[in-house]
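Chemist: could you work out the structure for the sequence below:
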Amino acid sequence: MTTGGNSIVKRRRGIYLLPNLFTTAALFAGFYSIVAAMNSRFEAAAVAIFVAMILDGMDGRIARLTNTQSDFGVQYDSLSDMVSFGIAPALVIYQWSLYGWGKPGWLAAFVYAAATALRLARFNTQAASADKRFFQGLPSPAAAALIAGMIWLGDSCGLQDGSTILVFTFPITVIAGLLMASNIRYHSFKQLDLKGRVPFFTGLVIVLIFVFIAIEPSLVLFLLSLSYATSGPVMTLVILRKHRAARKPPEQSGS
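Modeler: The predicted structure follows:
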């Protein structure tokens, strides 16, 4: 096509294949989790969410290693996260447990799903200016790990019907959603350089974590996700207490 003697060549834009393959695989794992829950295969549904977490953690790293980052990849990854860490956990926990309370049950699942959408939207709009050392609000993969770990642990203990423990599953689901939408800070651990030298104790702890996961995966993964979810509020309370102590005027000694 020529306009005013200048040739204008329209070039079809493509997408980078390798990182988006991992994003697609994570999306598939989230979709499979929903299908497994519909067939009452709750352990498989929970495991699929953890598989999606692993794949989600790999796509970004592969994109950076191969210098194939793109705006398309960022948006595609966010949509995949919404399915794998928002819709899938909400539907699986509803199928396994929350259905027992009818409307309040599915409303709790919706709160979780909506909070995931808000969390992802906020992350996308603030990613450039945010402090890389911390996350604002509980990350959606961590919230999904908490829900999936709870389901996996319950199923491993013989609870095929989680409605018998609604007193636990209902508040955990709602609180996980609220933590995602909150302003509470969580350590991102991005400053931890695993490619460089680390203290011997740190390496030992990492090895022990993998050993314990191999021995009792459902229990250990649930406890790890629960510990991380509670670390944010605990850290916030500690910081607030320090600030109050710093503002407190020194006591005057009597003369």
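
Chemist: surely Gly137 touches Ala181?
Modeler: Yes. Between Gly137 and Ala181 a contact is recorded at 6.2 Å, counting by C-beta atoms under 8 Å. Placement of C-beta: from N, CA and C, glycine included.

Chemist: list the residues that contact both of the two?
Modeler: Jointly contacting Gly137 and Ala181 under the rule C-beta atoms under 8 Å, 6 or more residues apart in numbering are Arg119.

Chemist: of the two, who's got more company?
Modeler: Gly137 (22 against 17; other C-beta atoms under 10 Å).

Chemist: neighbours of the residue nearest to Leu226 when sequence neighbours are not counted, how many?
Modeler: Closest residue in space to Leu226, ignoring its immediate chain neighbours: Leu146 at 6.2 Å, by C-beta to C-beta, 6 or more residues apart in numbering. For Leu146, the count of nearby residues is 26 (other C-beta under 10 Å).

Chemist: can you pull the contacts of Leu146?
Modeler: Per C-beta under 8 Å, 6+ apart, neighbours of Leu146: Ile172, Ala176, Phe222, Ser225, Leu226, Ala229.

Chemist: how about 7 Å then?
Modeler: Counting by C-beta atoms under 7 Å, 6 or more residues apart in numbering, Leu146 touches Ile172, Ala176, Ser225, Leu226, Ala229.

Chemist: wait, the first one sits on Ala148?
Modeler: It stands for Ile172. No. Applying C-beta atoms under 7 Å, one finds Ile172 not in contact with Ala148, separated by 11.7 Å.

Chemist: neighbour count: these two, which is higher?
Modeler: Ala148 (30 against 19).

Chemist: in the chain, which spans are strands?
Modeler: Using DSSP state E, the strands of the chain run over residues 2-3, 6-7, 134-136, 185-187.

Chemist: and the last one, what's buried?
Modeler: It stands for strand 185-187. If you call a residue buried by 16 or more other C-beta atoms under 10 Å, then strand 185-187 has these buried ones: Arg185, Tyr186.

Chemist: what of stretch 77-93?
Modeler: 77-78, 80-93.

Chemist: and it, end to end?
Modeler: Stretch 77-93 has an end-to-end distance of 23 Å (C-alpha to C-alpha, to the nearest Å).

Chemist: what mean pLDDT does it have?
Modeler: For stretch 77-93, mean pLDDT rounds to 97.

Chemist: before we move on, what about stretch 109-129?
Modeler: On average, stretch 109-129 scores 91.

Chemist: could you do stretch 59-73 as well?
Modeler: Per-residue scores along stretch 59-73 average to 84.

Chemist: what sits up against it?
Modeler: Ile15, Tyr16, Leu18, Pro19, Asn20, Phe22, Thr23, Ala26, Asp77.

Chemist: so which of these is the most crowded?
Modeler: Going by other C-beta under 10 Å, Ala26 tops the contacts of stretch 59-73 with 27 neighbours.
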